[in-house]
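K.L.:
Give me coordinates for this.
(3 chains)
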Amino acid sequence: MAPSTHKVSSLYGKVTGAWGRTAVISVPMIFLLIVFLLPFLVVFKISLSEMDAVFFKDVWTWKEDVIALTVRYGNYVSLTQDSLYINSYLSSLKIAGITTVICLGIAYPFAYFMARSPADRRPTLLMLVMLPFWTSFLLRVYAWKMLLADSGVFNNVAIAIGLIGEPVKMMNTPFSLVLGMVYTYVPFMILPLYANLVKMDLRLLEAALDLGATPWQAFWRITVPLSKSGIIAGSMLVFIPCVGEFVIPDLLGGPETLMIGHVLWDEFFSNNDWPMAATVAVVMVGLIIVPLSLFNKYQAESTEGGRA
Amino acid sequence: MMFQSYALFPHLTVWDNIAFGLRRDGMPKPQVEERVVQMLELVQLKQYAKRKPHQLSGGQQQRVALARSLAKRPKLLLLDEPLGALDAKLRERTQLELVGIIEQVGVTCVMVTHDQEEAMTMATRIGVMSEGKILQIGQPADIYETPNCRFVADFIGTVNLFQGTLETDQPDHVVIASPQCKHYVSHGITGSLGMVAHVAVRPEKMAIQANLPADEERESLAEVGMNIVQGVIEDLAYLGSLTTYHVRLDSGMVVKVTHTNAARHDGTRLTWGDKVYVWWCGSDVVVLTS
Amino acid sequence: MKISVGEMTSRFWMLAVFFFLYLPIFTLIIFSFNESPMVSNWGGFSLRWYEALAKDTEIIDGFKLSLRVAFSTGCSSVILGTFAALTLHRFKRFPGRTLFAGMVNSPLVMPEVIIGLSLLLMLVQVQRMFGFPDRGFGTIWLGHTLLGMAYATVIILSRLQEMSPSLEEAAQDLGSRPLQVFFLITLPLISQAIASAWLLTFTLSLDDVVISAFLNGPGSTTMPITIFSRARLGLSPSVNTVATLTVAVVSVGVFAASILMSRAEKRRALEMAAAYRGG
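P.N.:
Coordinates of the predicted model:
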């Protein structure tokens, strides 16, 4: 059997040896603490300061035997006072919500049909779904500009076949924004749903039908509840990044569409007001903290489940 | 150790799987080669040396797992339900093969199983455990024929247990009185009069017939009137080579009797509802005090 | 043979979604060959934009940089991701595990503006205090790695979970020390996951706009940033050409990969059949 220095036990994690275990945990942990957690603390600190010509004023100052802690919460006050910010937050949540719901509506039947296709066809279908994902999303969003512009493809074709007389304004509207968001995020909704639906035991449906349920009832009472974790995962994967999305609103959105990601960008790049940008970011994190925790909980559960 | 799931390394060939442990010990190459060939011949898989585990059948994979664990000539081999993954027919064949190989190599094995038949077939000694404690260790026949407590008697095979009190205590025989009948046991036991004791009788040791057995048929005249009960056949299962009867006695207890159908047309066949006598010999019982 | 209503709905829906997904891609490809720079009219088939692309130093330099960043990101993400996946898989209890899991998974969904801004602000602070690092290749690489690590961890972790734990136990039982177990047994078995994680993080890095925009410095403009600036100003045929080339490369890659995989599957199936016949 094994050499006497190591105990063979089912808790093989123990056998890695104390220092080995510390090393494996520390490497990613230290990286994340420095690159992920620390920046958040810095952002929070900076949100409590003010812009001072080229740079921002320090929160701590140590001059002439005085350590001064100056916490300026003026930015937060501005946030609540200026309707621009409040409206942007609300609008972002609204648009993200709408996008999530539409994505779910498109992706669920698609994932369902894909999961029920003949097994040998599924890898190909999966590949076809993933292919656009591997092609730059920036380019594909740009393509919608081509399609939706006043002199774009859709309008030209519609005029050419006499469907409409004048170009319909589709570009730089809430419509184009949501269309672009849905387009970009649908694959993110399809994949977790598909992963969940394809593993479902079809015999459960058989049992339901055998006990007298109609196919429609079986779908709503058996399939949908069982795919709950896939729905939640997909929804989080779409909703959370949508709230802070910048590129799509910038390319496809317009004056009526206020997205908080765009506001943050402008604060930073156009206004050069770093502390304000930081404040916007802090509040944004606060907005998504609940769905984010939900997402993390889901990820943790799927990690546990995998060790069955 | 040999795992229940075999745990063969899927990315290594049969050869590399077997050689793995030897290489970790730093064994020189020619020696490794020699030993691996030896192991392959032992399990008769020489021509599959270059194959990967997924290219083998279940039985072949098991033999590779065995060869791998024996390659290092361990002093002790632990087998964790090694035959659990095989189907019934293959299991039978493999049980004897496995024992043959282990004896040929001469290594001590500790095997864990929940399958009684497997334990009885393969082991030279069996240990019966309950709730973390070892209750009895012995050869299969000893465990079966002379269990040392009620748990072991009931756990291995089936048994009829009669509870009674010690009535007569002699050096060469004892009599235990139970509600169902009086038990004549043809050996002495250590105990005191009046103490509670259980008499264990295995189903195959019992005889079942419609009419009362003659006195001459009994083992000794001292037994007449004892070691015999009367009842009605409540259930039976005809299994071809033997028949199992469940006989409900007047006292309410159900006694299991196994009868070998040694001859064709054994007179009139007993059937449900028949009134029968069930009797046995005093030398075929075990008295249990725990 | 009659097709059921269910079957028809299924096919219709899937075709509609595929049409939706691929329409922009086809549009990009078609118009990259348009003589006219405007979408409103078709000027005839032409390769002029491809010629222009060959001389477009801004994009070419940006591409080279993006390639270098993406390659480095792939490697660093996979290494860190393997560490993180091993940690989450093996060590169920250690101080800070919930925090760790949260930190690893959050970049998957966190809006990139937040990641970019926070990382930038921290780097600026560090620069003020210690004089380095200057923003450029290294900082972009750092940001991309954070994102890539999250994706890599998910992929590698799921493969680790599929792997039977008794394999590592068996290796130890046969005398391997833990480090040997990792390199001889674990690593080969998760190699495919590592490869796909590398490809995924490489692609994500190549495509990234927001984090790169926050973290880049003078002289380190990545290709997506260049394309983005052009796209903001209006329609530009150079984007179409880049898109077409990208689609071509990706399609060839995916196609080749799936052929290789299906061939390997067929070979394995044949060998299995042979094994059972002979066994």
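K.L.:
Of all residues in the stretch 51-200 of chain B, which one is closest to chain A?
P.N.:
Here the stretch 51-200 of chain B gets closest to chain A at one residue, B:Pro74, 5.7 Å apart by C-beta to the nearest C-beta. From N, CA and C alone the C-beta is placed, and that goes for glycine too.
K.L.:
what about that residue, how many residues close to it?
P.N.:
19 (other C-beta atoms under 10 Å in any protein chain shown).
K.L.:
same check, this time on the one 3 residues further on
P.N.:
Counted with other C-beta under 10 Å, the burial measure for B:Leu77 works out to 21 neighbours.
K.L.:
and if you look at C:Cys75?
P.N.:
15.
K.L.:
The one 3 residues further on now?
P.N.:
For C:Val78, the number of neighbouring residues by other C-beta under 10 Å comes to 28.
K.L.:
Quick check on the residue positioned nearest the centre of chain B: phi, psi?
P.N.:
Centroid-nearest residue in chain B, with C-alpha atoms, centre = their mean: B:Met120, separated by 3.8 Å. Per-residue torsions, B:Met120: phi -60, psi -40 (degrees, to the nearest 10).
K.L.:
got the contact list for it?
P.N.:
B:126, B:140, B:144, B:156 (C-beta atoms under 8 Å, 6 or more residues apart in numbering or on different chains).
K.L.:
Kindly report the same for B:Thr165.
P.N.:
Neighbours of B:Thr165 in contact, by C-beta under 8 Å, 6+ apart: B:176-178, B:194-197.
K.L.:
Make JSON lines from those residues and add pLDDT, distance to A:Phe133 and secondary structure to it.
P.N.:
JSON lines is the format used below for those (pLDDT from 0 to 100; distance: C-beta to C-beta, whole Å; DSSP: H, G, I helix; E, B strand; the rest coil):
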{"residue": "B:Ile176", "pLDDT": "91", "distance to A:Phe133": "81", "secondary structure": "strand"}
{"residue": "B:Ala177", "pLDDT": "91", "distance to A:Phe133": "84", "secondary structure": "strand"}
{"residue": "B:Ser178", "pLDDT": "91", "distance to A:Phe133": "78", "secondary structure": "coil"}
{"residue": "B:Gly194", "pLDDT": "88", "distance to A:Phe133": "85", "secondary structure": "coil"}
{"residue": "B:Met195", "pLDDT": "90", "distance to A:Phe133": "81", "secondary structure": "coil"}
{"residue": "B:Val196", "pLDDT": "92", "distance to A:Phe133": "77", "secondary structure": "strand"}
{"residue": "B:Ala197", "pLDDT": "91", "distance to A:Phe133": "77", "secondary structure": "strand"}
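K.L.:
quick one: which of the residues you listed has the most company?
P.N.:
B:Ile176 leads the contacts of B:Thr165 on contacts (other C-beta under 10 Å) with 27 neighbours.
K.L.:
With chain C as the reference, measure out to that residue.
P.N.:
According to C-beta to the nearest C-beta, to the nearest Å, B:Ile176 stands 51 Å off from chain C.
K.L.:
just A:Ala18 next, same as before
P.N.:
Plainly put, A:Ala18 is 11 Å away from chain C if you go by C-beta to the nearest C-beta.
K.L.:
ok now the strand or helix carrying A:Val157, how far from the chain's centre?
P.N.:
Using DSSP states H and E, A:Val157 sits in helix A:153-160. The chain centre lies 34 Å from the centre of helix A:153-160; the measure is C-alpha atoms, centre = their mean, to the nearest Å.
K.L.:
what about that helix and chain C, any contact?
P.N.:
Yes - remark: helix A:153-160 sits within contact range of chain C at A:153, A:156, by C-beta under 8 Å from any C-beta of the partner chain.
K.L.:
Buried residues, that helix. List them.
P.N.:
A:153-156, A:159 (16 or more other C-beta atoms under 10 Å in any protein chain shown).
K.L.:
so A:Phe239, which of the three states?
P.N.:
helix (DSSP: H, G, I helix; E, B strand; the rest coil).
K.L.:
Now do the contacts for it.
P.N.:
Contacts for A:Phe239 were tallied using C-beta under 8 Å, 6+ apart; they are A:96-97, A:99-100, A:291.
K.L.:
Identify the residues contacting C:Thr153.
P.N.:
C:81, C:84-85, C:88, C:104-105.
K.L.:
Which helix or strand contains it?
P.N.:
helix C:137-162.
K.L.:
and the helix or strand that that helix is followed by, what other elements does it pack with?
P.N.:
Sequence order places helix C:165-173 as the next helix or strand after helix C:137-162, per DSSP H and E. When contacts are defined as 3 or more C-beta pairs under 8 Å, 6 or more residues apart in numbering or on different chains; DSSP states H and E, helix C:165-173 packs onto helix C:178-181.
K.L.:
ok now the helix it packs on, how far from the chain's centre?
P.N.:
30 Å.
K.L.:
Around chain A, pick out the residues from chain B.
P.N.:
Residues of chain B lying near chain A (C-beta under 8 Å from any C-beta): B:1, B:74, B:76-78.
K.L.:
The residue most central in space within chain A: what's it in contact with?
P.N.:
For chain A, the residue nearest the mean C-alpha position is A:Pro241 (2.7 Å; C-alpha atoms, centre = their mean). A:Pro241 makes contacts with A:185, C:109-112, as judged by C-beta under 8 Å, 6+ apart.
K.L.:
No further questions, thank you.
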